[in-house]
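In: my questions concern the predicted model and sequence given below.
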Amino acid sequence: MAAIVDAEKCTGCESCVSACPTSAIAMTDGVAKVNADDCIDCGACVGECPVEAISL
């Protein structure tokens, strides 16, 4: 399972992008999107999101 971003909560701050060790997160139209093929379910992005928009 890959990390899931709640687009309603995401503010586009990009904290998760820099936290991801596999570069599995990119910004699309101001919202974080996770590439499930690259995500290793480490949870680094979850802890970095200031608005709790990401879950595993």
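Out: That came in fine, so what should we check first? Numbering: from 1, shown residues only.
In: from memory residue 1 sits against residue 41, does it?
Out: Yes - Residue 1 is within contact range of residue 41, at 6.3 Å (criterion: C-beta atoms under 8 Å). In this view, the C-beta of every residue, glycine as well, is placed from N, C-alpha and C.
In: higher neighbour count, the two?
Out: Higher neighbour count among residue 1 and residue 41: residue 41, with 12 against 8, using other C-beta atoms under 10 Å.
In: so who does residue 51 touch?
Out: Applying C-beta atoms under 8 Å, 6 or more residues apart in numbering, we find residue 51 in contact with 9-11, 13.
In: and residue 44, by the same measure?
Out: Neighbouring residues of residue 44 by C-beta under 8 Å, 6+ apart: 19-21.
In: highest neighbour count among these?
Out: The member of the contacts of residue 44 that has the most neighbours, counting by other C-beta under 10 Å, is residue 20 with 22 neighbours.
In: and the residue nearest to it when sequence neighbours are not counted, helix, strand or coil?
Out: Leaving aside its sequence neighbours, residue 20 sits nearest to residue 45 (C-beta to C-beta, 6 or more residues apart in numbering; 5.5 Å). The three-state label for residue 45, taken from DSSP: H, G, I helix; E, B strand; the rest coil, comes out as helix.
In: oh, and call the first residue 293 from now on, that's how I've got it
Out: In the new count, where the first residue is 293, that last one comes out as residue 337.
In: ok, residue 337 - contacts?
Out: Residue 337 sits next to 295, 308, 311-312, 317, 324, 326, 346 when contact means C-beta under 8 Å, 6+ apart.
In: give me the common contacts of residue 293 and residue 333.
Out: Counting by C-beta under 8 Å, 6+ apart, the residues touching both residue 293 and residue 333 are residue 348.
In: what ranges do the helices span in this protein?
Out: Assigned by DSSP state H, the chain shows helices spanning 307-311, 336-340.
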